[in-house]
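Visitor: Sequence first, then the predicted structure, then my questions.
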Amino acid sequence: MMSQRAVGLVEQLAAEGVQSWLAVEGAPHIAVPDQLPHTLRAPAGVLLPAHAPPDPQAVRRLCERARAASASQLGGSSPGLVSAPVDPAYADDAPSLVRAARSLRASVDRPNLLVQIPATEAGLEAMSECLALGISVNATLICTVEQADRVFDALLDGMERALVAGTAPVETRVFLTCPVGLLDDVGVPDAGVATAGVAMARLLYALRERRLRNTWWRVLRAGSIAPPTLLWTSLRTHHLPRLIGWNTGVALTAPELEAAASGAELAGDVMPGVREGEEELLLCGAGGGAGARTAPDLLAAELTRYRDAWHAAAR
């Protein structure tokens, strides 16, 4: 059960426009029932590990539990989502990713399911196709601005196709997930912040805001399609105060949430500190720094780790 201090942090984050997600380290069933409290600000979603094969029945029960926790809130302000992975062995095979996503969606059969798809070349194609089919997507392992920009292109294409075809339910959601803590090991872009991960988060936030000014995004929003949410993962306590911004989320395990509630001091919305004049400089500078050169290695290493753990668990 979450402490009152942790519940208070969840509520404080929500007041700043930040979703709090519960990151689950093991099988889906361990997230229920006690870690999804019925508070005014229940966690916005549950992030299942990318390296563990999900049991569809357990994910379905978790979706129902998350939905119930959301519905119990004042105004139902938390989306109550569950983000579940597909086999990382398919990361470079777009048709297999789409088949796996369709199979997971059909097996779970709950509208608050997000399917995790890694932001590889094949993943971009799969994201577009999934959204065109009305499947909510969590684009994962976004490590560079260039990668995120291409993810936005894929997501826009998929949602546009869904809107035209009438296959985009109001509940279709899109998330872009960046492993902030992992990027701290990559190098620090010159963005005037303390860590490489936070610097990349600022860049991605600036990119998202710029992309949302595009005419087609305004058309999609007019069609009741929610704008993409940025989700920060692999966090440490010191990251949290630097990641406060509208329509973002932070994914923490239960112990991490308790630690953050004890140690993190929030200072309000800090992401808009990327001013109009800085934005172009930051976006241009991110492509040529040490972080951008080694981020593909991080992506490859994480996918290898996911594949090895997935297949060890499946045996």
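Guide: Structure's in. What do you need?
Visitor: How far off centre is stretch 207-214?
Guide: Computed by CA atoms, centre = their mean, to the nearest Å, the chain-centroid distance of stretch 207-214 equals 17 Å.
Visitor: Return that stretch as PDB; C-alpha atoms alone will do.
Guide: C-alpha atoms of stretch 207-214 as PDB (Å, rounded to 0.1, in the frame of the first residue of the first chain):
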ATOM      1  CA  LEU A 207      10.200  18.800 -30.100                       C
ATOM      2  CA  ARG A 208       6.800  17.600 -29.000                       C
ATOM      3  CA  GLU A 209       5.600  21.200 -28.500                       C
ATOM      4  CA  ARG A 210       6.900  22.200 -31.900                       C
ATOM      5  CA  ARG A 211       5.200  19.200 -33.600                       C
ATOM      6  CA  LEU A 212       1.900  19.900 -31.900                       C
ATOM      7  CA  ARG A 213       1.800  23.300 -33.600                       C
ATOM      8  CA  ASN A 214       1.600  21.400 -36.900                       C
END
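Visitor: where do the helices sit along the stretch 51-200 of the chain?
Guide: Taking DSSP state H, counting those that start in this stretch as the test, the helices found in the stretch 51-200 of the chain are 56-71, 94-108, 121-132, 145-165, 180-183, 196-212.
Visitor: Out of those, which is closest to A301?
Guide: Distance to A301, taken as CB to CB, is lowest for helix 180-183 among the helices of the stretch 51-200 of the chain, at 9.2 Å. Bear in mind the C-beta positions are built from the backbone N, C-alpha and C, glycine included.
Visitor: elements contacting the closest one?
Guide: helix 196-212, strand 229-233, helix 290-314 (3 or more CB pairs under 8 Å, 6 or more residues apart in numbering; DSSP states H and E).
Visitor: Name whatever forms a beta bridge with V46.
Guide: Here V46 shows beta-bridge partners L22, V82, assigned using DSSP bridges.
Visitor: out of the helices of the stretch 51-200 of the chain, nearest to A309?
Guide: helix 180-183 (15.4 Å).
Visitor: Compute the mean per-residue pLDDT across the closest one, please.
Guide: In this model, helix 180-183 has an average pLDDT of 90.
Visitor: Contacts for that helix, please.
Guide: 143, 195-198, 200-201, 232-236, 239, 243, 291, 295, 298, 302 (CB atoms under 8 Å, 6 or more residues apart in numbering).
Visitor: try 6 Å
Guide: 196-197, 200-201, 232, 234-236, 239 (CB atoms under 6 Å, 6 or more residues apart in numbering).
Visitor: Just flag the most distant two among those.
Guide: Between any two of the contacts of helix 180-183, the greatest separation by CB to CB is 14.8 Å, found for M200 and R236.
Visitor: circling back to that earlier point, which stretch among the helices and strands packed on helix 180-183 comes nearest T120?
Guide: Using CB to CB, the nearest of those to T120 is helix 290-314, at 7.5 Å.
Visitor: which residues pair with P118 across the strands?
Guide: T140.
Visitor: so who does it touch?
Guide: With CB under 6 Å, 6+ apart, P118 has these contacts: 91, 140-141.
Visitor: so where's the stretch 101-250 of the chain uncertain?
Guide: Low-confidence segments of the stretch 101-250 of the chain (pLDDT under 70): 168-170, 186-194, 223.
Visitor: now do 50
Guide: For the stretch 101-250 of the chain, applying pLDDT under 50 flags the ranges 188-192.
Visitor: and stretch 99-110, how far from the chain's centre?
Guide: Worked out by CA atoms, centre = their mean, stretch 99-110 lies 19 Å from the chain centre.
Visitor: Cheers, nothing more for now.
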